[in-house]
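Asker: Here is the input, now give the coordinates:
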Amino acid sequence: MIDRSGLAEFLRNRRAALQPEDVGLPRGPRRRTDGLRREEVAALCHMSADYYSRLERERGPQPSPQMLVSIAQGLHLSLDERDHLFRLAGHNPPARGILSEHISPGLLRVLDRLHDTPAEIVTELGETLRQSPMGVALSGDLTRYTGPARSIGYRWFTDPASRQRYAPEEHAFLTRMYAAGLREIVTLRGPDSRAAELAELLLARSEEFRRVWDDHEIGIRPHEVKRFVHPEVGALELNCQRLVDPGQAHSLLVYTAVPGSESYDKLQMLAVIGAQALG
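Answerer: Numbers count the residues shown, from 1 in each chain. Presented below is the predicted three-dimensional model:
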């Protein structure tokens with residue numbers, strides 16, 4: 001059963017504890033609110049300000065588990081805090097561990113500070129959970145996919161459009177890398193894992209995947225420099241740094257260009273394009 005007063009008090013408390021700079025927002029000279037404003041939290045949680053406000057005022061419907069997941073991430077809750085939120089709202093908390101999609105507050109804080117850099121947080125299956133604004137400008141909104149298509153490896157073999165933003169000379173290598181990476185995860189997680197389910201789906205749908213899967217390659221790691229083809233700025237050569245959260249099996253990928261290079265200049269152009277798109 002939902003504890004409306006407890007839920008409302010908890011939400012107000014966590015909102016007051018967050019400062020704008022904690023979530024990558026400018027403070028502004030006229031801020032009087034202790035912590036974040038309700039509308040700011042609502043935007044971070046991808047819901048209407050009215051819906052969020054009703055929760056804090058002990059009104060409105062019981063939030064669904066999907067809504068609670070969004071609130072937990074928007075408020076940068078720890079796993080213990082997330083579980084407490086679910087119980088206050090009358091739901092059992094989601095499972096923890098490698099299958100959890102809850103991003104740790106520390107990883108979120110790093111991402112929130114990367115407004116001018118392409119970055120994304122991904123699962124071990126290549127599912128994008130969150131992107132920086134520049135990450136969206138570089139690759140498009142990769143969080144919009146559902147089902148198996150959330151995995152970049154699955155899309156690589158089933159959706160030809162997924163290859164358009166990668167240099168053609170990289171395609172053969174990436175085909176081998178995605179198959180080898182999936183094989184490693186299947187071996188690590190076992191025959192009843194989501195990785196094994198993805199492999200079975202791909203074996204049924206893609207002749208190309210079947211061919212490279214049968215090669216049993218292992219240990220193919222990404223190149224230090226990734227070559228992208230952006231529809232507006234053209235070819236980009238970007239270094240990719242990876243920060244791993246082993247407890248959640250999540251990685252923060254950050255893409256940078258060598259200062260003074262042509263790709264560096266194109267990233268500056270991409271920042272302007274991305275800002276115009278958001279505006």
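
Asker: ok, Asp116 - how many residues close by?
Answerer: 14 (other C-beta atoms under 10 Å). Backbone N, C-alpha and C define where each C-beta goes, glycine included.

Asker: now do the one 4 residues further on
Answerer: Other residues within reach of Glu120 by the criterion other C-beta under 10 Å amount to 23.

Asker: same check, this time on Ser193
Answerer: Ser193 has 17 nearby residues by other C-beta under 10 Å.

Asker: Ala172 now?
Answerer: 10.

Asker: Let me see the mean pLDDT of the top helix by length along the chain.
Answerer: Criterion DSSP state H: the longest helix present in the chain is helix 171-189. Averaging pLDDT along helix 171-189 yields 95.

Asker: Repeat that for stretch 102-120.
Answerer: In this model, stretch 102-120 has an average pLDDT of 91.

Asker: Between the two ends of it, what distance do you get?
Answerer: End-to-end distance for stretch 102-120: 14 Å, by C-alpha to C-alpha, to the nearest Å.

Asker: Now it: buried residues?
Answerer: 102-105, 107-108, 110-112, 114, 117-120 (16 or more other C-beta atoms under 10 Å).

Asker: just to revisit the earlier point, go through the longest helix of the chain and flag the buried ones.
Answerer: 174-175, 177-186, 189.

Asker: would you list those residues in a markdown table and tack on distance to Leu252?
Answerer: Shown next, in a markdown table, are those (distance: C-beta to C-beta, whole Å):
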| residue | distance to Leu252 |
| --- | --- |
| Leu174 | 20 |
| Thr175 | 25 |
| Met177 | 19 |
| Tyr178 | 20 |
| Ala179 | 24 |
| Ala180 | 22 |
| Gly181 | 18 |
| Leu182 | 21 |
| Arg183 | 24 |
| Glu184 | 20 |
| Ile185 | 19 |
| Val186 | 24 |
| Arg189 | 21 |
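
Asker: leaving aside the residues next to it on the chain, what's closest to Asp159?
Answerer: Ala149 (7.0 Å; C-beta to C-beta, 6 or more residues apart in numbering).

Asker: Report the separation between the one you found and Val186.
Answerer: Shown here: Ala149 relative to Val186, a distance of 19 Å by C-beta to C-beta, to the nearest Å.

Asker: and stretch 161-174, how far from the chain's centre?
Answerer: Distance, stretch centre to chain centre, for stretch 161-174: 21 Å (C-alpha atoms, centre = their mean, to the nearest Å).

Asker: who's in contact with that stretch?
Answerer: If you take C-beta atoms under 8 Å, 6 or more residues apart in numbering as the criterion, stretch 161-174 is touched by 138-140, 152, 155-156, 220, 223, 226-231, 235.

Asker: same thing but at 10 Å, please
Answerer: 138-140, 142, 145, 149, 152-157, 175, 177, 212, 220, 222-223, 225-231, 235-237 (C-beta atoms under 10 Å, 6 or more residues apart in numbering).

Asker: Skip the chain neighbours and tell me the closest residue to Leu142.
Answerer: Leu142 sits nearest to Thr128 (C-beta to C-beta, 6+ apart), 3.8 Å away.

Asker: ok, the one you found to Ala72 distance?
Answerer: For Thr128, the distance to Ala72 equals 18 Å [C-beta to C-beta].

Asker: of the two, who's got more company?
Answerer: Using other C-beta under 10 Å as the criterion, Thr128 and Ala72 rank with Ala72 on top: 25 against 21.

Asker: and the more buried one, that's in a strand?
Answerer: No - counting by DSSP: H, G, I helix; E, B strand; the rest coil, Ala72 falls outside a strand, being helix.

Asker: Could you pull up the contacting residues of the residue nearest to it when sequence neighbours are not counted?
Answerer: Closest residue in space to Ala72, ignoring its immediate chain neighbours: Arg82 at 4.1 Å, by C-beta to C-beta, 6+ apart. Arg82 makes contact with 68-69, 71-73, 75, 93-94, 96, 100, 102, according to C-beta under 10 Å, 6+ apart.

Asker: one more time with 7 Å, if that's ok
Answerer: 72, 93, 102 (C-beta atoms under 7 Å, 6 or more residues apart in numbering).

Asker: Which residue ranges of the stretch 101-250 of the chain form strands?
Answerer: Remark: strands assigned in the stretch 101-250 of the chain by DSSP state E, counting those that start in this stretch are 119-123, 128-131, 225-230, 234-245, 250-256.
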